[in-house]
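J.: Got a predicted structure plus its sequence, pasted below:
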Amino acid sequence: MFKFKFAAICRTDKKSHIHHLSTIASSEREARRQFASRFVLVLSARIRVSGVAA
């Protein structure tokens with residue numbers, strides 16, 4: 001499992017500022033799926049997480 005961190009801009013707000021989002025997922029695709037409907041995402045980090053139950 002990994003912690004994915006993204007820089008994100010809201011799709012519907014033209015004056016949106018950059019949001020910093022993070023989530024735990026097994027792949028980048030799975031992590032992006034959680035936010036992609038609301039945000040344009042740029043991956044900023046992938047950090048291995050130990051001790052997370054699958």
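T.: Everything's here; your move.

J.: State the distance from the closest residue to residue 48 other than its chain neighbours to residue 32.
T.: Nearest residue to residue 48 in three dimensions, chain neighbours excluded: residue 2, at 5.8 Å (Cβ to Cβ, 6 or more residues apart in numbering). Backbone N, C-alpha and C define where each C-beta goes, glycine included. Here residue 2 is placed at a distance of 12 Å from residue 32 (Cβ to Cβ, to the nearest Å).

J.: if we can go back for a sec, just to check, the residue nearest to residue 48 is in contact with residue 25?
T.: Yes. Using Cβ atoms under 8 Å, residue 2 makes contact with residue 25 at a distance of 6.5 Å.

J.: list residues touching both of those two?
T.: Counting by Cβ atoms under 8 Å, 6 or more residues apart in numbering, the common neighbours of residue 2 and residue 25 are residue 31.

J.: is it fair to say residue 50 lies in a strand?
T.: No. Judged by DSSP: H, G, I helix; E, B strand; the rest coil, residue 50 forms no part of a strand; its state is coil.

J.: number of nearby residues for it?
T.: Applying other Cβ atoms under 10 Å, we find 5 residues neighbouring residue 50.

J.: neighbours around residue 21, how many?
T.: Neighbours around residue 21, by other Cβ under 10 Å: 16.

J.: what's the helix or strand in which it is found in contact with?
T.: Taking DSSP states H and E as the criterion, the element that holds residue 21 is strand 19-25. For strand 19-25, the external contacting residues (Cβ under 8 Å, 6+ apart) are 1-10, 31, 34-35, 39, 41, 44, 49, 52.

J.: One more: stretch 34-49?
T.: For stretch 34-49, the surrounding residues in contact (Cβ under 8 Å, 6+ apart) are 1-12, 19-21, 23-25, 28, 32.
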